[in-house]
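> Attaching a predicted model along with its sequence, questions to come.
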Amino acid sequence: MRPLPLVLLLRLSLLIAVAASAALIVDYQNAGDPAFCGVGSGCFAVRVSPYSKLLGIPLPFIGLIAHAVLLGGSLLVQTREHIKLLALVASAGAACAVVLLLVQHFLVGAFCAWCLAVDLASIAAGASAVLLARLANKSADPAQIEQAATPTGVEMGVWAGAAAFAIALPFVWGSYPVIPPLSPAAQALQAPGKVTLINFSDFQCPHCRALHPKLAGLKAQYAAQIHFDRRMMPLSGHPGALPAAKAYLCVPAEKREAAAEWLYAAPDADLTPAGVLGMAGEVGVGVGDLAACTASKETDAALAKDKQLYESLGARGLPLTLVGRRVVIGNDPERIEDAIQSEIKGSTLALRLELLFAALGLIFAGAVISTWFAKKNGAPPEPKDSDRKPSPT
């Protein structure tokens, strides 16, 4: 086996892992916009799982740094000992990748396509590094192995440039995602001439409660440009969410903001079928009318319609805010405001994912091909001091 293909496979695998890690970071930051993964994808399922972070740090950040450092290490190889050290670290990374694949399969129950790219690339890098180390250990001519593994100054610049593009381009593409069209049910709720915010909430959800006053500020700030529509999505783990949602739906539309203020602020003990009737006087409705409405089949049907709309988005988790065509997950008012401004501007620039693959493919291929020809046509390395014969005296 020749060493140069192994060196190129190692570096190429690390470049792929760096690019895929950068794409995952973009999706973690975007919290909804499907620049690379939609809210109903396996990537989103992995992201919201408890296995997406290590000591509070998102795994894509760790992956990006680890693979970038490994790539840098592969460009600093000069001796057989360096190759062995690189193989040790790369094989450890490959072992971690295998563990993460098992976690996705057995614990998360979903596979993230970009995570798979990182993990498989890491395994390929580990395997090629180990084979290169074995080749260097058994070779009768270690200088040949070292020549293939040691880059020239130009090669280092080419691979470093490729790594920079691998990190930067996913962030560029993430700024101009292709936004899918709305479902017919969500499209029917759009207000003509305004940006419609559809907020799915649970009155007992702490993140929903935290977002509520921030949304109120955005509604006041963009009052002339947005239309707000709150929808109910009571979670089964919150026993008070269902009676609160029914009470909210039973209040006339013009009094629902007052009802929402009461329900978000109410202690959990008041979020019961009897307890929610306490807001009747606060919002100006009759207790008997509110009690009859919360027990009616019409209210159950209205709640089921809200749940069906939420499920049509393929979403997971609350709060969820649909800003025009853009989805924002979680208590993220900054992201919601960014989405509002983007929808107001009506930005039409959308970079397709195929173009990113093509751009990265050309850059990575250029690094591989330039290195191949440089090694094939280059001069043999100068002998080391230890290999030089003493000059006659």
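Noted; the coordinates are in hand. Numbers count the residues shown, from 1 in each chain.
> C-alpha only now, for contacts and for neighbours.
Noted.
> pLDDT weak spots in the stretch 101-250 of the chain?
Applying pLDDT under 70 to the stretch 101-250 of the chain picks out no residues at all.
> the helices in it, which residues?
113-138, 142-149, 153-175, 184-187, 206-221, 241-249 (DSSP state H, counting those that start in this stretch).
> Can you say which of these is nearest to residue 13?
helix 113-138 (4.8 Å; Cα to Cα).
> before we move on, the earlier item: mind checking which of the helices of the stretch 101-250 of the chain is nearest residue 37?
When those are compared by Cα to Cα, helix 113-138 sits nearest residue 37, at 8.6 Å.
> burial measure for residue 119, as a count.
Look at residue 119: counted by other Cα atoms under 10 Å, it has 26 neighbours.
> Could you report the separation of it from residue 372?
Here residue 119 is placed at a distance of 26 Å from residue 372 (Cα to Cα, to the nearest Å).
> deepest of the helices of the stretch 101-250 of the chain, which one?
Mean neighbours per residue, mean count of other Cα atoms under 10 Å, is largest over the helices of the stretch 101-250 of the chain for helix 241-249, with a mean of 25.
> The following helix or strand past that helix: which residues count as buried?
Sequence-wise, the next helix or strand downstream of helix 241-249 (DSSP states H and E) is helix 256-265. Burial within helix 256-265, assessed by neighbour count using 16 or more other Cα atoms under 10 Å, is assigned to 256-257, 259-260, 262-264.
> mind putting the residues you listed in JSON lines, pLDDT and distance to residue 185 included?
JSON lines is the format used below for the buried residues of helix 256-265 (pLDDT from 0 to 100; distance: Cα to Cα, whole Å):
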{"residue": "256", "pLDDT": "97", "distance to residue 185": "22"}
{"residue": "257", "pLDDT": "96", "distance to residue 185": "23"}
{"residue": "259", "pLDDT": "97", "distance to residue 185": "25"}
{"residue": "260", "pLDDT": "97", "distance to residue 185": "24"}
{"residue": "262", "pLDDT": "97", "distance to residue 185": "29"}
{"residue": "263", "pLDDT": "98", "distance to residue 185": "27"}
{"residue": "264", "pLDDT": "98", "distance to residue 185": "27"}
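> Please tabulate those in JSON lines, including the columns distance to residue 355.
Shown next, in JSON lines, are the buried residues of helix 256-265 (distance: Cα to Cα, whole Å):
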{"residue": "256", "distance to residue 355": "46"}
{"residue": "257", "distance to residue 355": "45"}
{"residue": "259", "distance to residue 355": "48"}
{"residue": "260", "distance to residue 355": "45"}
{"residue": "262", "distance to residue 355": "50"}
{"residue": "263", "distance to residue 355": "48"}
{"residue": "264", "distance to residue 355": "45"}
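> Out of the residues you listed, the closest to residue 208 would be?
The closest of the buried residues of helix 256-265, once distances to residue 208 are taken by Cα to Cα, is residue 264, at 8.4 Å.
> Is that closest one in contact with residue 210, as I believe?
No. Between residue 264 and residue 210 there is no contact under Cα atoms under 8 Å: 9.1 Å.
> What lies in contact with stretch 353-371?
Where contact means Cα atoms under 8 Å, 6 or more residues apart in numbering, the residues beyond stretch 353-371 that reach it are 8, 12, 15, 36, 155, 158-159, 162, 165-166, 169-170, 173.
> switch the cut-off to 10 Å
With contact meaning Cα atoms under 10 Å, 6 or more residues apart in numbering, stretch 353-371 is reached by 4-5, 7-9, 11-12, 15-16, 19, 35-36, 148, 151-152, 154-163, 165-166, 169-170, 172-174, 177-178, 372, 374-377.
> ditto for stretch 101-109
42-43, 45-52, 96-97, 99-100, 110-112, 115-116, 119-120.
> Please list only the buried members of those residues.
42-43, 45-47, 52, 97, 100, 110-112, 115-116, 119-120.
> so which two of those residues are the farthest from each other?
Largest separation among the buried ones among the contacts of stretch 101-109 by Cα to Cα: 45 and 120, giving 19.1 Å.
> top helix in this protein by residue count?
helix 3-30 (DSSP state H).
> Pull out the buried positions in that helix.
By 16+ other Cα under 10 Å, the buried positions in helix 3-30 come out as 3-4, 6-28, 30.
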